[in-house]
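J.: structural data only, the sequence is not supplied:
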């Protein structure tokens, strides 16, 4: 595709400005002279003073990645409205976990000076070996997911700026390596704020483009051209079956237990910041998909635009129909999406390797400066592996990302048990993730698409069952340990330790049921809603999803209002 010189120049100028700003913000997160003792704390938990605005944008930018702009739009282009079954149902549940579970992690972290979620797990299960599966799952995941982000950025730079794919990949990786190695999570918090803003400009800009190009007749055009298959699941390519959609959504909800999200919980200035940040995230993220990238992908489908790969539909539409200003904005938005996620992952895996594995398991006497040095060095090593993955990967961005996320599923039961199940034992906590990991690898690489259920759910289920069975077969944790952890959590929630894992008030129960119903209704509803009716200019299926997201959002704020969290314990 030819690119006019003026257009390319505008994109390159935007690229230089963007990289300059991210490097400058990353530099602001450095450890300054006289703060050397705080170096590891700044790297790991951003000084424990991240406010709700930065936290909300950082969490959103970490959850969103290249598939927010490229992958979701691409799957909308391939399958139609059925993309909504796997891209809209999980935001409210994850926001609820962010506030309610995140507050317990945050308060315990402050009280016990935890630097990572590994500190909490070792404190609860009284064994350094519980850090090993945490480290391994983060290491495996990081290679996949950072590689995906590099792919996303390189696709756009290749399409809009004419930069060869390999050169674009190396360029993006180099900028990432510099600012992450400078300041870890502190630098990432600052750069994520800029990147989230650019991301949402790109997303909502894409939605406006879709409405403009189809003159407000998007859904009518879609139904006329492709019929009911474009409006319902499993979609035009039959890849969005309800069981898969449900398991995919659960897998993304489990992603909340990912290492970098736990670090953001530890980094928050307090539960109040987590509550407001969760509220922000729960509004802007689903809106970005529903009114942004999904609409643009559907517009490309309805208009019959041809692309070689579905992931290219977003940049191709911009190139064909809009000028250099919009192209430049898109480049900045996609770079923001890719680099924000990659930065959090890089900071997380570097920290997990240097702190959880090296300092806490191999060399407990290691000087904090040495740990920090190892963290920075690993940033470059891991990026090297991710570059190789980026230039060799053939799988679509969205599903490659979903495979990477699945590796966190095996640690989720252990983190949940450390917070909410006093009967869990160290034997169960150490063994269960490895059992889950074996099952996960089997259903990813051997028994693919087993029963049409996403592999992450198989990994989670295997790990959960193993944790429960092994814990019940082994001696309970010492009462002093249970009181030190679960007793404090009970006081945080004003509950007894045996009531920690479920809501106990009438309004809390109803709100929780609405949120659970939303996941089922979106995952399965589009399979049964066989109509081409247009409601207020929207396909009935699109309106169905939007209505359920709004209902769950209301339920979330009711839940936030009635949950009692006491940080003075």
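T.: That came through fine. All figures in this text were calculated on a predicted structure; none of them were measured in a lab.

J.: can you count the residues close to the closest residue to residue 352 other than its chain neighbours?
T.: The spatially closest residue to residue 352, leaving aside those adjacent along the chain, is residue 138, at 4.5 Å (C-beta to C-beta, 6 or more residues apart in numbering). The way it works is simple: take the backbone N, C-alpha and C, and place the C-beta from them, glycine included. Residues lying near residue 138 (other C-beta atoms under 10 Å) number 26.

J.: now do the phi/psi pair for residue 538.
T.: Backbone dihedrals for residue 538, given as degrees, to the nearest 10, come out at phi -120, psi 150.

J.: surely the residue nearest to residue 352 is within a helix?
T.: Yes - assigned with DSSP: H, G, I helix; E, B strand; the rest coil, residue 138 falls within a helix.

J.: against residue 117, how distant is it?
T.: In this view, residue 138 and residue 117 are 10 Å apart by C-beta to C-beta, to the nearest Å.

J.: do residue 501 as well
T.: Between residue 501 and residue 117 the computed distance is 18 Å (C-beta to C-beta).

J.: any common contacting residues for residue 138 and residue 117?
T.: residue 259 (C-beta atoms under 8 Å, 6 or more residues apart in numbering).

J.: for this protein, what spans make up the strands?
T.: With strands called from DSSP state E, the chain shows them at 534-535, 538-539.

J.: partners of the first one in the sheet?
T.: If you go by DSSP bridges, strand 534-535 pairs up with strand 538-539 (antiparallel).

J.: residue 501 and residue 117 - which one has more neighbours?
T.: Each of residue 501 and residue 117 has its neighbours counted (other C-beta under 10 Å); residue 117 has more, 29 against 12.

J.: next, count neighbours for residue 474.
T.: If you count neighbours by other C-beta under 10 Å, residue 474 ends up with 14.

J.: can you check the pLDDT for it?
T.: The score at residue 474 is 96. That number is its pLDDT.

J.: right, and it touches residue 430 too?
T.: No - if you go by C-beta atoms under 8 Å, residue 474 and residue 430 don't touch, sitting 10.6 Å apart.

J.: surely residue 119 is in contact with residue 112?
T.: Yes - contact status for residue 119 versus residue 112: in contact at 7.3 Å, counting by C-beta under 8 Å.

J.: of those two, who's got more company?
T.: Between residue 119 and residue 112, residue 119 has the larger neighbour count (other C-beta under 10 Å), namely 20 against 13.

J.: quick check: pLDDT value at that one.
T.: With respect to pLDDT, residue 119 has a value of 95.

J.: and it, how far from residue 125?
T.: Distance of residue 119 to residue 125, given as C-beta to C-beta: 11 Å.

J.: residue 141 now?
T.: 22 Å.

J.: how about residue 375?
T.: In this view, residue 375 and residue 125 are 24 Å apart by C-beta to C-beta.

J.: ok, residue 415 next?
T.: 11 Å.

J.: state the pLDDT value of residue 397.
T.: pLDDT, residue 397: 48.

J.: correction: the previous question concerned residue 392.
T.: Here, the pLDDT recorded for residue 392 equals 69.

J.: contact partners for residue 435?
T.: Counting by C-beta under 8 Å, 6+ apart, residue 435 makes contact with 462-463, 466.

J.: distance of it from residue 429?
T.: Residue 435 sits 12 Å away from residue 429, going by C-beta to C-beta.

J.: from the contacts of residue 435, which is closest to residue 131?
T.: Nearest to residue 131 out of the contacts of residue 435 is residue 463 (C-beta to C-beta; 16.0 Å).

J.: look at that closest one and report its pLDDT.
T.: For residue 463, pLDDT reads 95.

J.: touching, it and residue 414? I think so.
T.: Yes - in this structure, residue 463 is within contact of residue 414 by C-beta under 8 Å, at 7.4 Å.
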